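Student: sequence and predicted structure, then a few things I'm wondering about:
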Amino acid sequence: MLLFFCYDLLFFLYLIFCFPWLWRRIRPEKQFLGDWRERFGFISQETTKRITPHCLWFQTVSVGELLSISPLVKILREHYPGQALLLTVTTKSGRTLAAKQFPAIPCLFFPLDFSPIVSAFLRLVKPRLVVLVETEIWPNLIRLCYHKKIPVVIVNGRLSPRSFRWYRRFRFFLRQVLPRLTEVAMRTQQEAERLIFLGARKEKIRVVGSIKFDQAYALSTRIDPEKVRKSYGISANQKIVVFGSLHPGEEPEIVRVTKKLGELLPEVLSIIAPRFLDRTGIFTHLKTAGLDYTSRSHLPQGSEKRVWVVDTYGELNNFYSLCQVAFVGGSLVPWGGQNPIEPASFRKPVIFGQYSWHFFEEWERIKSAGGGIEVHSFEELLKTLVFLLQQPDLSQKMGERAFQAVLTGCGATQRNLEMLAKYL
């Protein structure tokens, strides 16, 4: 208990002395939905009415984690139509997408992991089961649920080498937290062993694969490329490159790649999708480079321009379905990469950077199948793009191999459902 008291004390000091920084991250903005007060346990009466006691509570961080559980939520609602659900998210972008993706499910900002706040939230929600998605380790939430006999499970659990190095510094504390988890479904055996080393009980862990394969495949069956093409006014023979989920550190270099690509292959349409719309500097970089562009929110205005910026949420996969080749960002800066399975599910060759630890299993599967190319610099990225665009037959074959890699990775959603079913 002393360690948890120290954790709360540190959290309290953080709230006091770091509040100006925290406020910049959580303050309300017009383009994002949600009430910032939810993070402190204050929930409006209107929202409270939508929350059903004994609900199944899913906690996700942001857009990627939220989309990854779409197949799981869908199959849960089919098998257990009477079971109430609740979503919480950490980021503003995730909160906005949740309202669009799951309009029938109440969604809130995740409460700060401070004992009084978490206690108040649990009294209000009274969940039957708490489901943490991927690497969500919240000590007070896990401890308080344990004392209230509320099961806490992790689905699609992942623990990258970078996260593992960070967590192992606090192994002395995690050995008091992780044994209180009820059950854990990890993506790979290697990641399961890392969690066991940190303190989780071996008998509570199962390896089920990544549900992101199921999510990507389901998306590919729902999106009709021809309908998407017509909706955007894009001709059938238009060559397209998508730079997806770019992180701020990649943006200036990608703008230079885009400019050079336009000089070498002026017929190509480059579509740039920043990962964080609230932190992107892409418009400034494009103006500095003198590139003429339009944004998704302004279409069809400027649709004849050769550079488009996706400044909306939930449409990146539409563009993946149309492109000839896709670069997936967060991978040419030390972030760990974003999801490479989504373009692969549309039979597109994938280019990925060397920093891939967040999606190591997924990327290795695609690369081993011959469906993607790993690059180590922006110069290499440009050369690879030009090569693939000039070799359409090879690009098509690589795309098919990438798709086969997705198919062989499917099935984790059903295995996660089998774990959750015991508590429903």
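Tutor: Great, that's in hand.
Student: which stretches in the stretch 301-424 of the chain count as strands?
Tutor: For the stretch 301-424 of the chain, applying DSSP state E, counting those that start in this stretch gives strands covering 307-309, 325-328, 350-352, 372-374.
Student: in CSV, list these along with distance to L265.
Tutor: To be clear about C-beta, it is placed using only N, CA and C from the backbone, and glycine gets the same treatment. Formatted as CSV, the strands of the stretch 301-424 of the chain follow (distance: least, Cβ to Cβ, whole Å):
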stretch, distance to L265
strand 307-309, 13
strand 325-328, 12
strand 350-352, 15
strand 372-374, 18
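Student: show me the contacts for the residue most central in space within the chain.
Tutor: Nearest to the mean C-alpha position of the chain, counting by Cα atoms, centre = their mean, stands G64 at 1.4 Å. For G64, the contacting residues are 338-339, by Cβ atoms under 8 Å, 6 or more residues apart in numbering.
Student: so which helix or strand takes in it?
Tutor: Secondary structure from DSSP states H and E places G64 in helix 63-68.
Student: next structured bit after that helix?
Tutor: helix 70-79.
Student: tell me what that next one is packed against?
Tutor: Secondary-structure packing of helix 70-79 (3 or more Cβ pairs under 8 Å, 6 or more residues apart in numbering; DSSP states H and E): strand 85-89, helix 212-222, helix 412-421.
Student: H79 versus F170, what's the distance?
Tutor: 37 Å (Cβ to Cβ, to the nearest Å).
Student: more neighbours: these two, which one.
Tutor: Higher neighbour count among F170 and H79: F170, with 16 against 12, using other Cβ atoms under 10 Å.
Student: in a strand, the more buried one, correct?
Tutor: No. Assigned with DSSP: H, G, I helix; E, B strand; the rest coil, F170 falls outside any strand and is helix.
Student: against L178, how distant is it?
Tutor: Going from F170 to L178 by Cβ to Cβ gives 11 Å.
Student: I'd guessed F102 sits against L76; true?
Tutor: No. Taking Cβ atoms under 8 Å as the definition, F102 is not a contact partner of L76, at 11.5 Å.
Student: quick one: which of the two has more around it?
Tutor: More crowded of F102 and L76, by other Cβ under 10 Å: L76, with 22 against 19.
Student: would you enumerate the residues in contact with that one?
Tutor: 56, 83, 85, 417, 420.
Student: try P71
Tutor: 211, 214-215, 218, 413.
Student: nearest to L286, of those?
Tutor: Using Cβ to Cβ, Q215 comes nearest to L286 of the contacts of P71, at 30.9 Å.
Student: which one is K204 nearest to, not counting chain neighbours?
Tutor: Excluding its sequence neighbours, the residue lying closest to K204 (Cβ to Cβ, 6 or more residues apart in numbering) is E183, at 5.3 Å.
Student: what is that neighbour paired to in the beta sheet?
Tutor: Per DSSP bridges, the residues bridged to E183 are V153.
Student: that one: neighbour count?
Tutor: Residues near E183, counting by other Cβ under 10 Å: 18.
Student: make 579 the starting number, not 1.
Tutor: Noted, 579 is the first residue going forward, which turns the last one into E761.
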